[in-house]
Structure formats: C-alpha cells, structure tokens
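Student: I'd like to go over a predicted model; first the sequence, then the structure.
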Amino acid sequence: MNDRKPPQTLHAPRIEALERLQAVIYLAKTGSAFPELEMRSCEEYALAFNWGVCLTIVDDDLHTPPECRAKLQVALQRIRTAQSGALLVPSKATISPIDGEFHEFSRQVEKAGGFVQVTRR
C-alpha cells in the first residue's frame with residue numbers, strides 16, 4: 001500500500017481588480033475657439049497614468065469666482081459622489097488666476113475626497 005499523501009496545492013489569495021481612477025477634465029473657453037490643445041494635454045496626462053475620463057467640461061464663465069461657477073460645481077459634485085477622484089486642468093488659471101481662490105477650491109476638492117491635477121506648469 002502507498003501511504004503517500006498527494007501534494008498540497010497552495011492557492012494564491014484572490015486579488016480584486018483595482019478600480020481605475022476616473023477624472024473630470026475642466027477646460028476654460030476664453031474665445032470663440034474650442035480649447036483643443038488644452039483638452040488633448042489633459043487627455044494625454046490621464047492616459048499616461050491610466051486614468052479614465054468620466055466627463056469633460058468646457059466652461060466659458062471665467063469671470064465668476066470658482067465657487068459660483070455652475071459647471072465647476074458639477075465637477076466638484078462628481079468628486080463628492082465618488083464618480084471621480086481627480087479634476088484635471090491645463091493650468092491653475094483655469095480655475096482662477098488668483099492663487100488664493102485656486103488653493104481654496106483645491107481644498108474643497110480634497111475635502112470631498114479628490115485632488116486637482118494641473119497638467120502643464
């Protein structure tokens with residue numbers, strides 16, 4: 001008789017697939033032309049980090065403070081509801097040319113669980 005036991009098979013623990021970070025691209029439309037270069041810059045940045053883009057917003061309301069811009073608030077709401085984790089902008093001035101306003105809005109995004117990423121310096 002053979003008293004040998006079959007070798008044990010070790011199973012690796014299941015690794016759940018990581019969800020891909022979703023980003024909202026927020027662009028400023030300063031004239032009549034669509035901000036094509038800025039959009040491509042943001043899309044390429046997202047692609048380089050394997051982020052998905054769940055929404056692209058083009059806003060022409062740039063003279064209003066960030067907290068009063070309806071389209072910027074839509075982007076913030078996406079982060080609050082965890083539909084997105086990042087707000088991609090081509091420059092800080094897209095949100096506000098005033099550093100204090102930019103930093104205040106960035107703090108709101110961070111409080112909501114996300115971050116603002118500037119794609120160009």
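Tutor: Looks like it arrived, so ask away. None of these values were measured; they are calculated from a predicted model. Numbering: from 1, shown residues only.

Student: what residue ranges in this structure are flagged as low confidence?
Tutor: Across the chain, the ranges flagged by pLDDT under 70 are 1-18, 121.

Student: how about the strands in it?
Tutor: When secondary structure is read from DSSP state E, the chain shows strands at 22-28, 52-59, 86-89, 115-118.

Student: in its sheet, what does the third one sit against?
Tutor: So the one you mean is strand 86-89. Strand 86-89 sits in its sheet next to strand 22-28 (parallel), strand 115-118 (parallel), going by DSSP bridges.

Student: one step back: can you say which of the strands of the chain is nearest to E36?
Tutor: The minimum distance between E36 and the strands of the chain falls on strand 22-28, with 9.5 Å, by C-beta to C-beta. Bear in mind the C-beta positions are built from the backbone N, C-alpha and C, glycine included.

Student: mind listing what's buried in that closest one?
Tutor: Residues of strand 22-28 classed as buried: 22-28 (neighbour count, 16 or more other C-beta atoms under 10 Å).

Student: now stretch 80-89
Tutor: For stretch 80-89, by 16+ other C-beta under 10 Å, it's 84-89.

Student: thinking again about what came up before, let's have the strands of the chain in JSON lines, adding distance to R107.
Tutor: Putting these into JSON lines (distance: least, C-beta to C-beta, whole Å) gives the following:
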{"stretch": "strand 22-28", "distance to R107": "16"}
{"stretch": "strand 52-59", "distance to R107": "20"}
{"stretch": "strand 86-89", "distance to R107": "12"}
{"stretch": "strand 115-118", "distance to R107": "10"}
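
Student: identify whichever of these lies nearest to D99.
Tutor: Short answer: strand 115-118, nearest of the strands of the chain by C-beta to C-beta, at 12.4 Å.
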